[in-house]
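Chemist: Make a model of this:
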Amino acid sequence: MTKKVTQVSSAEIFKTFENESIEDVLFVSDNIWDIAFFDKIGKENILHFPFRTNEVIMIVCVGGYLKAKLETRNFTLEKNAVLVILPNKIFEITEITPDFRAICFIMKVSFWDKTDSFLEAMELQQHFFNEGGMKLLDSNMDEIVTIYRLIKNKIAEKGLFGRQIIQQYINALFYNVYAIFQQQNAQEATEKPSAKEYVFEQFIRLVERNYKQEREIDFYAKRLHLTGKYLSALIRLASGKTAAQWIREYLIMEARTLLKSGKMSIQQVSNELNFYDQSHFAAFFKKYADCSPREYQKM
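Modeler: Numbers count the residues shown, from 1 in each chain. Take a look at the predicted model:
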């Protein structure tokens with residue numbers, strides 16, 4: 001078994017890489033390996049370790065690839081692709097190549113509180129964020145690298161109005177990426193989602209908000225004005241999984257994250273996920289995670 005991995009907070013990263021951060025609200029770097037393993041954590045331990053952050057993270061891949069899971073969706077982040085991880089989303093790396101290289105931006109939500117224009121931009125970008133990752137052209141990558149270098153230079157200068165200037169650079173960065181997304185989205189607009197795909201998306205959104213309290217199919221069926229049987233059939237057609245499997249997957253994902261956080265006991269995790277008691281939670285976890293909660297904590 002591998003050793004338990006300690007989650008790294010953004011505060012630790014800002015402190016360790018103070019020359020690459022500004023006012024403990026923004027951190028930028030192209031040394032992804034130092035970020036991931038700065039506490040001498042081995043690659044074999046960082047893999048398959050779910051974590052949650054309170055910050056917005058943008059990762060722009062410039063070489064190699066990374067395979068990961070964001071919430072319940074698997075994806076591959078390859079060269080010329082960008083991924084945005086929103087606060088409170090669960091992220092898990094499943095594979096990373098030795099030649100993986102990326103530019104990483106870590107931003108606290110408070111970084112945007114001072115500029116109305118940036119908050120407006122954030123509202124525009126919500127749909128993009130929900131999409132996870134997207135591919136970029138070489139010309140798009142050149143623009144992102146240029147903005148990254150401007151930000152790095154401004155951090156190094158430590159001059160007057162540094163934060164305000166960097167906020168505008170970040171604003172330009174996100175507007176630029178959002179514009180690319182809009183162009184790609186327009187090209188696909190002629191293909192409307194099927195009924196089953198639309199229902200699946202609505203179902204997943206409901207599950208994300210309610211899975212801790214509601215595990216019965218009928219709850220979601222009523223919200224979508226469908227019968228439980230019809231909803232289950234649509235979800236299986238759209239995703240290859242049943243509605244019950246999706247609900248269980250969210251529960252297991254959250255349970256794994258809470259158990260690995262080191263901040264909650266098994267009983268507290270059981271309570272957080274609204275199980276009848278700890279024994280019911282333990283039986284559920286062992287059935288679908290192939291080990292007991294205590295065994296998982298020790299991995």
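Chemist: tell me the secondary structure for the spatially closest residue to Ala68 that is not a sequence neighbour?
Modeler: Nearest residue to Ala68, sequence neighbours excluded (Cβ to Cβ, 6 or more residues apart in numbering): Ile93, at 4.9 Å. Backbone N, C-alpha and C define where each C-beta goes, glycine included. Of the three states, Ile93 takes strand according to DSSP: H, G, I helix; E, B strand; the rest coil.
Chemist: Just to check, Ile93 is in contact with Phe51?
Modeler: No - taking Cβ atoms under 8 Å as the contact criterion, Ile93 and Phe51 are not neighbours in contact, 9.1 Å apart.
Chemist: what comes into contact with the helix or strand containing Val269?
Modeler: Val269 belongs to helix 266-272 when elements are defined using DSSP states H and E. Surrounding helix 266-272, the residues in contact under the criterion Cβ atoms under 8 Å, 6 or more residues apart in numbering are 212, 255, 258-259, 264, 277-278, 280-282, 293-294, 297.
Chemist: Repeat the analysis, applying 7 Å as the threshold.
Modeler: Taking Cβ atoms under 7 Å, 6 or more residues apart in numbering as the criterion, the residues outside helix 266-272 that touch it are 255, 258-259, 264, 277-278, 281, 293-294.
Chemist: model confidence over that helix, on average?
Modeler: Averaged across helix 266-272, the pLDDT comes to 92.
Chemist: And the helices in the stretch 1-150 of the chain?
Modeler: For the stretch 1-150 of the chain, the helices defined by DSSP state H, counting those that start in this stretch occupy 10-16, 32-37, 43-46, 116-124, 126-130, 138-157.
Chemist: How about the stretch 151-299 of the chain?
Modeler: Assigned helices in the stretch 151-299 of the chain, in chain order: 162-187, 195-210, 217-223, 228-239, 243-261, 266-272, 278-289, 293-298 (criterion: DSSP H, counting those that start in this stretch).
Chemist: Quickly compare those helices and say which is most buried.
Modeler: The highest mean neighbour count among the helices of the stretch 151-299 of the chain, using mean count of other Cβ atoms under 10 Å, belongs to helix 243-261: a mean of 19.
Chemist: what about the protein, any weak spots by pLDDT?
Modeler: 1-21, 23, 32-46, 112-133, 181-182, 184-193 (pLDDT under 70).
Chemist: beta partners of the residue nearest the centre of it?
Modeler: The structure's the chain has its C-alpha centroid closest to Ile85; by Cα atoms, centre = their mean the separation is 3.6 Å. When bridges are called by DSSP bridges, Ile85 pairs up with Ile57.
Chemist: wait, it sits on Ile93?
Modeler: No - applying Cβ atoms under 7 Å, one finds Ile85 not in contact with Ile93, separated by 11.5 Å.
Chemist: Can you give me every residue that contacts the residue nearest to Ala243 when sequence neighbours are not counted?
Modeler: Leaving aside its sequence neighbours, Ala243 sits nearest to Ile235 (Cβ to Cβ, 6+ apart; 4.5 Å). Listed by Cβ under 7 Å, 6+ apart, the contact set of Ile235 reads 200, 203, 242-243, 246.
Chemist: Next, format those as TSV and append distance to Gln168.
Modeler: Rendered in TSV, the data for these read as follows (distance: Cβ to Cβ, whole Å):
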residue	distance to Gln168
Phe200	39
Phe203	40
Thr242	48
Ala243	45
Trp246	41
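Chemist: Quick check: Gly159 vs Met253, distance?
Modeler: Here the criterion is Cβ to Cβ, to the nearest Å. By it, Gly159 lies 44 Å from Met253.
Chemist: before we move on, what about Glu201?
Modeler: Here the distance between Glu201 and Met253 works out to 18 Å (Cβ to Cβ).
Chemist: Quickly list what Leu70 is bridged to.
Modeler: According to DSSP bridges, the partner residues bridging Leu70 are Arg73, Phe91.
Chemist: isn't it right next to Glu92, touching?
Modeler: No - using Cβ under 7 Å, Leu70 makes no contact with Glu92, being 8.0 Å away.
Chemist: my guess is Val28 meets Phe111, correct?
Modeler: No - look at Val28 against Phe111 with Cβ under 7 Å: they stay out of range, at 11.5 Å.
Chemist: ok now stretch 230-238, how far from the chain's centre?
Modeler: Using Cα atoms, centre = their mean, to the nearest Å, the distance from the centre of stretch 230-238 to the centre of the chain it belongs to is 26 Å.
Chemist: One more: stretch 169-186?
Modeler: Using Cα atoms, centre = their mean, the mean C-alpha position of stretch 169-186 is found 19 Å from that of the whole chain.
Chemist: and it, C-alpha only, in CSV?
Modeler: Taking only C-alpha atoms (Å, rounded to 0.1, in the frame of the first residue of the first chain), the coordinates of stretch 169-186 have been written out as CSV:
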residue,chain,number,x,y,z
TYR,A,169,-3.8,40.6,-17.9
ILE,A,170,-5.8,37.8,-16.3
ASN,A,171,-9.0,39.5,-17.6
ALA,A,172,-7.6,39.5,-21.1
LEU,A,173,-6.5,35.9,-20.7
PHE,A,174,-9.9,34.6,-19.8
TYR,A,175,-11.7,36.8,-22.4
ASN,A,176,-9.3,35.4,-25.0
VAL,A,177,-10.0,31.8,-24.1
TYR,A,178,-13.7,32.4,-23.8
ALA,A,179,-13.8,33.9,-27.3
ILE,A,180,-12.1,30.8,-28.6
PHE,A,181,-14.7,28.6,-26.9
GLN,A,182,-17.5,30.7,-28.4
GLN,A,183,-16.1,30.2,-31.9
GLN,A,184,-15.8,26.5,-31.4
ASN,A,185,-19.3,26.4,-29.9
ALA,A,186,-20.8,28.3,-32.8
